[in-house]
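Undergrad: Output the structure for:
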Amino acid sequence: MSTSFSELCDAVGASLEKEKEDLKQQELKLQSDREQLETEKNAMSNYINSNDDDIIELNVGGTHFTVYRSTLLQAPEGTMFNAMFSGRWDESLTKDAKERIFLDMTPSVFSVILSHLRTLKEYSSILKNAPKQQIDIMCIDKKFRNELRARCEFYGLISAVSPIFLDIRAQEPGRFTIEDTNGNEIIITRQSGPSSHSVIYGKEPFDTNNSYWKISVEKLKSWVFAGIIANSNPEYNSHADKTCFGWASNNQTYVNGVHISVIDNWGGWKVGDKAIFKLCSKSLKMYSFRLKKVFSITIPESTTQNTWRLNLNMYNQDDCIRITNPDPEEMCLVD
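TA: Just a heads-up that it's a prediction; the model follows:
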């Protein structure tokens, strides 16, 4: 049947309506693109016009801070903190009623970060090769240490955070040399005396539910243990303490101080081994670089909480362990 003139008109009309709707949508997209471009232009203009000598007014958790932009930009390039205060995003940052940039953060936590950045600025102004500076978690009240570490992770400053177990002690100090290389790492070497168990442990307990540390076995004759302990004054055989958890040589895993052989095919420590440890509220995990595997020990709920300390037990003279802070990528290996 041939198409009637009326049907043909209806078809042409529907086609025109569709084209009109398509044009309308294109105009709306074009307008959106223009607005986005204008926003980018304004942001770029702010960035170009920003100056290191700009004075930034901040409201941090209700406390007023005044600081040079150049101080805030001591945070490494590529980090969120540096990008926030680069000038490009000033208009998009949350402001209070007085147009001060608002940060929902405990003021004392921000003070520690700001002090770190000011120290970096001072060093850079007087020294060509300034020593590496780190944020000392232990310098703040214990109840704020979790927040400080979390903020440093969020803003990309985690590499600046010093290990929280740097203050360590030996049960028999004469048997060890403990070398602290500017807060970046600790090298522990077993020195004089006959082959026997000797303990190195953290003076202060871990204070977060997600604590990380890295251990490297530099020298090893036969046996070493690495893990945690809740006892604040452990004996020479700390690996056998009922609050001890961790991994040793000779296929040994210790749970509540009891030696259990070959759990998850753990084969023991070897020279050159590197491992990332992570302590959670209910488990201790370890990633072995050599074995490319995560090992885990469940911590019973009945075990003492919030008093976990670093626990190393070394047996032979000249054995050497290196402790460092893992970087964010290494932390992901054990998560």
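Undergrad: Which residue ranges make up the domains of this protein?
TA: The chain breaks down into these domains under automatic domain parsing: 55-160, 168-334.
Undergrad: which of these is buried the deepest?
TA: Highest mean neighbour count of these: domain 168-334, a mean of 17 (counted as mean count of other C-beta atoms under 10 Å). For every residue, glycine as well, the C-beta is placed using N, CA and C.
Undergrad: which residues touch the closest residue to residue 156 other than its chain neighbours?
TA: Distances taken as C-beta to C-beta, 6 or more residues apart in numbering put residue 79 closest to residue 156, at 3.1 Å, once the chain neighbours are dropped. Contact analysis of residue 79 by C-beta atoms under 8 Å, 6 or more residues apart in numbering lists 155, 156, 157.
Undergrad: With mean pLDDT and distance to residue 27 added, can I get the domains of the chain in CSV?
TA: Shown next, in CSV, are these (pLDDT from 0 to 100; distance: least, C-beta to C-beta, whole Å):
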stretch, mean pLDDT, distance to residue 27
domain 55-160, 86, 26
domain 168-334, 87, 45
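Undergrad: Just tell me which of these ends up closest to residue 21.
TA: With respect to residue 21, and counting by C-beta to C-beta, the nearest of these is domain 55-160 at 33.3 Å.
Undergrad: where's that closest one relative to the chain centroid, distance-wise?
TA: Average the C-alpha atoms of domain 55-160, do the same for its chain, and the two points are 16 Å apart (C-alpha atoms, centre = their mean, to the nearest Å).
Undergrad: where exactly do the strands run in the stretch 51-200 of the chain?
TA: Taking DSSP state E, counting those that start in this stretch to define them, one finds strands in the stretch 51-200 of the chain at 55-60, 63-68, 101-103, 168-170, 176-180, 185-190, 198-202.
Undergrad: before we move on, the earlier item: okay, the domains of the chain in CSV with distance to residue 22 next?
TA: Below are the domains of the chain laid out as CSV (distance: least, C-beta to C-beta, whole Å):
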stretch, distance to residue 22
domain 55-160, 33
domain 168-334, 46
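Undergrad: export the strands of the stretch 51-200 of the chain to TSV and tack on distance to residue 211?
TA: As requested, the strands of the stretch 51-200 of the chain are arranged in TSV below (distance: least, C-beta to C-beta, whole Å):
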stretch	distance to residue 211
strand 55-60	26
strand 63-68	28
strand 101-103	25
strand 168-170	14
strand 176-180	19
strand 185-190	15
strand 198-202	10
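Undergrad: To residue 13, which of those strands lies closest?
TA: Smallest distance to residue 13 across the strands of the stretch 51-200 of the chain (C-beta to C-beta): 55.3 Å, for strand 101-103.
Undergrad: can you map out the helices along the chain?
TA: Per DSSP state H, the chain has helices spanning 5-49, 69-72, 80-84, 107-126, 145-154, 328-334. These are given in chain order.
Undergrad: closest one to residue 218 among these?
TA: Residue 218 sits nearest to helix 328-334 of all the helices of the chain, at 17.7 Å, using C-beta to C-beta.
Undergrad: So which residues lie in contact with the closest one, not counting its own?
TA: Residues outside helix 328-334 that contact it (C-beta under 8 Å, 6+ apart): 153, 158, 159, 212, 214, 276, 277, 278, 285, 286, 287, 294.
Undergrad: Recalculate using a threshold of 7 Å.
TA: With contact meaning C-beta atoms under 7 Å, 6 or more residues apart in numbering, helix 328-334 is reached by 158, 212, 214, 276, 278, 285, 286, 287, 294.
Undergrad: What of stretch 202-216?
TA: Taking C-beta under 7 Å, 6+ apart as the criterion, the residues outside stretch 202-216 that touch it are 138, 142, 145-146, 149, 163-165, 167-169, 226, 274-281, 306-310, 321-326, 330-331.
Undergrad: what's the span of that stretch from first residue to last?
TA: End-to-end distance of stretch 202-216: 17 Å, with C-alpha to C-alpha, to the nearest Å as the criterion.
Undergrad: what about that stretch, distance to the chain center?
TA: Distance, stretch centre to chain centre, for stretch 202-216: 12 Å (C-alpha atoms, centre = their mean).
Undergrad: about what we covered before: can you say which of the strands of the stretch 51-200 of the chain is nearest to residue 15?
TA: Among the strands of the stretch 51-200 of the chain, strand 101-103 comes nearest to residue 15, with 53.7 Å by C-beta to C-beta.
Undergrad: who does that closest one touch, helix- and strand-wise?
TA: If contacts are counted by 3 or more C-beta pairs under 7 Å, 6 or more residues apart in numbering; DSSP states H and E, strand 101-103 sits against strand 55-60.
Undergrad: what packs against the strand it packs on?
TA: Judged by 3+ C-beta pairs under 7 Å, 6+ apart, the packing partners of strand 55-60 are strand 63-68, strand 101-103.
Undergrad: change it to 10 Å
TA: Helices and strands touching strand 55-60, as assessed by 3 or more C-beta pairs under 10 Å, 6 or more residues apart in numbering; DSSP states H and E, comprise strand 63-68, helix 69-72, strand 101-103, helix 107-126.
Undergrad: and the angle for it with strand 63-68?
TA: With axes from the mean of the first three to the mean of the last three C-alpha atoms, to 10 degrees as the basis, strand 55-60 and strand 63-68 are set at 160 degrees to each other.
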